[in-house]
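> Below is the sequence, then the predicted model.
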Amino acid sequence: MLKKLLPVAGLLLGFYQAFAQSADKPNIVFILVDDLGYHDLSVTGSKYYETPNIDELASHSYQFVQGYTASPVCSPARASIMTGVTPAVHKITDWIGAPEGEAWRDYGRHTKLLPPTYSHDLPASYVTLPEALRDSGYETFFAGKWHLGGEGSYPEDHGFQTNIGGFEAGSPKGGYFAPYDNPKLEQGPDGENLSMRLATETAKFIGQEHEKPFFAMLSFYAVHGPIQTTEEKWAKYRAKAEALGIADHGFEMERRLPIRKYQDNPVYAGLVEAMDDAVGVVTAALAKAGLDENTIIVFTSDHGGVASGDAFSTSNFPLRGGKGYQWEGGLRVPYFIKVPGQKELITLDVPASGIDFYPTLLELANVKMPEGVYMEGVSLAPAMQGKKIASRQLYWHYPHYGNQGGDPSSIVREGNWKLIYYWEDKSVELYDLSKDPREGNDVAKQNRKVTTKLAGDLLFYLTGKFANQPLDDPEYNAALHQEVLDRNKNVRMPNLEAERVKMLSPGYTPNADWWGSKVTKD
């Protein structure tokens, strides 16, 4: 863990003023990782994953230790970064492609509710972050995962002048090794790593001659499933797991699905390291081009790590839950902002959200907010100067069942209080995050005034935003629902345990060519 410094106002202001007095308008590099958990970096506490390049970047950054996503799943969170408003406002409330209404029954989950309809592309009416920067004189570039709509709603339709690899897919079609199945990415040589390719394309853009400042967004497909790595990286992390001590059992039941207890997945660890290798290519390109002292760098994730469902990749402990869940493990993310001239890691204990990147970057770049833009996010620049930010409520709205086991819910946080409203039975949970960051002690009954106020504030907010809501399923069958839960516990969890043992065994081989990373010549 890198040394953390107290947020001393004078030190903060010194860094910020040195940056603000720079003669040139800063470039911006925004690195967004898919599905990366808050504790999936060594700088944020992992003892298993190794992320030296991100750690080095963090050592010269402001770290918002209470950094949040705007949604526990990808498309809504990404739309909020682009627009500065919550999913309740932009209406992309689930990952684009998720079933809605009666189509949900085809999943065989037999739940009480049918999820609502939601927007399936980023509305063209929004002035996005890249559009605001482009219109103020920035050159804009995008590489990687988009997942905010299909034809007509691609990155190039929302302010990015260059798009490499971004289309409607939410996972890496074709896997993490070439040949790819991506219409927006020229084919690479067999065995090429996707994360490295996207970083190389970004580095190539950085190294070009630029007449304007640039905004480059590197949006990794990693570390989303399917999790894949090379034999060499797998072997490294299998040995490391063994050295740290492999637990007899790796899973326990959450409310609906098994959830991973420990960070001990050697394939996922290799995928994380490959992403970190790629980050190093980008930061090295900035240094080589002499731009590292005139570039703002953002590093974050779109939501919490996948502990349950999908590939059951990681553990977010000591936070509860993960991707798709209403608890902190699904909402807390790494949240770093580096400004030119910064020499130390500075931690800030100010709650920050994905909706805040838009106004923060505009202020840091001395770009005016476009006229008529409705903005829920706030600039974090004052906090980076050692000033106080006015207290506010943060809202989340996910009225869907997560593939990972989360419940249809909406959330409000005020101060250290976090209230979760459940759409199934209209119940609430209340947590004091200062005393219970693990969210194991619901104190709603002991704090009725707080509960009543926050529940009222939340429902007033959702009503005012005309937020979508799930509906009761008239075909709900409690017995069939219980069968699903029993099967998850009695069949799925043992299968996951067996898969975990296999993946940690010395002779593990997923297939002959390790997902295409091992290229053999005839």
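Thanks, I have the structure now.

> any idea which helix is longest in this protein?
Counting by DSSP state H, the longest helix found in the chain is helix 266-288.

> starting at the chain centroid, how far to that one?
Its chain's C-alpha centre and that of helix 266-288 lie 17 Å apart, by Cα atoms, centre = their mean, to the nearest Å.

> packing partners for that helix?
Packing partners of helix 266-288 (3 or more Cβ pairs under 8 Å, 6 or more residues apart in numbering; DSSP states H and E): strand 27-33, helix 52-58, helix 194-206, helix 231-244, strand 295-301. To be clear about C-beta, it is placed using only N, CA and C from the backbone, and glycine gets the same treatment.

> The third one - contacts with which helices or strands?
Using 3+ Cβ pairs under 8 Å, 6+ apart, the elements in contact with helix 194-206 are strand 139-144, strand 162-164, strand 214-219, helix 266-288.

> quick one: the helices in the protein?
Using DSSP H, the helices of the chain run over 9-20, 52-58, 74-83, 87-90, 129-135, 194-206, 231-244, 266-288, 328-331, 357-364, 381-384, 448-464, 478-487, 493-503.

> what inclination does the longest helix of the chain have with respect to strand 214-219?
170 degrees (axes from the mean of the first three to the mean of the last three Cα atoms, to 10 degrees).

> Using neighbour counts, pick out the buried residues of helix 266-288.
Buried positions in helix 266-288, judged by neighbour count with 16 or more other Cβ atoms under 10 Å: 266-283, 285-286.

> Stretch 212-227 too?
Within stretch 212-227, the residues scored as buried using 16+ other Cβ under 10 Å are 213-225, 227.

> okay, the longest helix of the chain in PDB with CA atoms only?
The C-alpha trace of helix 266-288 is given here as PDB (Å, rounded to 0.1, in the frame of the first residue of the first chain):
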ATOM      1  CA  PRO A 266      -5.400 -17.000 -11.000                       C
ATOM      2  CA  VAL A 267      -7.000 -16.500 -14.400                       C
ATOM      3  CA  TYR A 268      -8.700 -13.200 -13.300                       C
ATOM      4  CA  ALA A 269      -5.400 -12.100 -11.600                       C
ATOM      5  CA  GLY A 270      -3.600 -12.500 -14.900                       C
ATOM      6  CA  LEU A 271      -6.400 -10.500 -16.700                       C
ATOM      7  CA  VAL A 272      -5.900  -7.700 -14.200                       C
ATOM      8  CA  GLU A 273      -2.200  -7.700 -14.600                       C
ATOM      9  CA  ALA A 274      -2.500  -7.600 -18.400                       C
ATOM     10  CA  MET A 275      -4.700  -4.600 -18.100                       C
ATOM     11  CA  ASP A 276      -2.100  -3.000 -15.800                       C
ATOM     12  CA  ASP A 277       0.600  -3.700 -18.400                       C
ATOM     13  CA  ALA A 278      -1.500  -1.900 -20.900                       C
ATOM     14  CA  VAL A 279      -1.900   1.200 -18.600                       C
ATOM     15  CA  GLY A 280       1.900   1.300 -18.400                       C
ATOM     16  CA  VAL A 281       2.000   1.600 -22.200                       C
ATOM     17  CA  VAL A 282      -0.200   4.700 -22.100                       C
ATOM     18  CA  THR A 283       1.600   6.500 -19.300                       C
ATOM     19  CA  ALA A 284       4.900   5.700 -21.000                       C
ATOM     20  CA  ALA A 285       3.600   7.200 -24.200                       C
ATOM     21  CA  LEU A 286       2.700  10.400 -22.400                       C
ATOM     22  CA  ALA A 287       6.200  10.600 -21.000                       C
ATOM     23  CA  LYS A 288       7.900   9.900 -24.300                       C
END
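
> Give me the distance between the nearest residue to residue 256 once chain neighbours are set aside and residue 118.
Among residues not flanking residue 256 along the chain, residue 405 sits closest, at 4.2 Å (Cβ to Cβ, 6 or more residues apart in numbering). To residue 118, residue 405 is 20 Å away according to Cβ to Cβ, to the nearest Å.

> From the neighbour counts alone, determine which of these two ranks first.
Between residue 405 and residue 118, counting by other Cβ atoms under 10 Å, residue 405 is the more crowded of the two (23 against 20).

> The more buried one touches residue 260, doesn't it?
No. Applying Cβ atoms under 8 Å, one finds residue 405 not in contact with residue 260, separated by 11.5 Å.

> give the contact list for the residue nearest to residue 476 when sequence neighbours are not counted.
Closest residue in space to residue 476, ignoring its immediate chain neighbours: residue 112 at 5.1 Å, by Cβ to Cβ, 6+ apart. Contacts here follow Cβ atoms under 8 Å, 6 or more residues apart in numbering; on that basis residue 112 touches 424, 472-473, 476, 481.

> Then residue 162?
Going by Cβ under 8 Å, 6+ apart, residue 162 touches 140-142, 156, 205.

> Residue 408 and residue 104 touch, don't they?
No. When contacts are counted by Cβ under 8 Å, residue 408 is not listed as touching residue 104 (10.9 Å).
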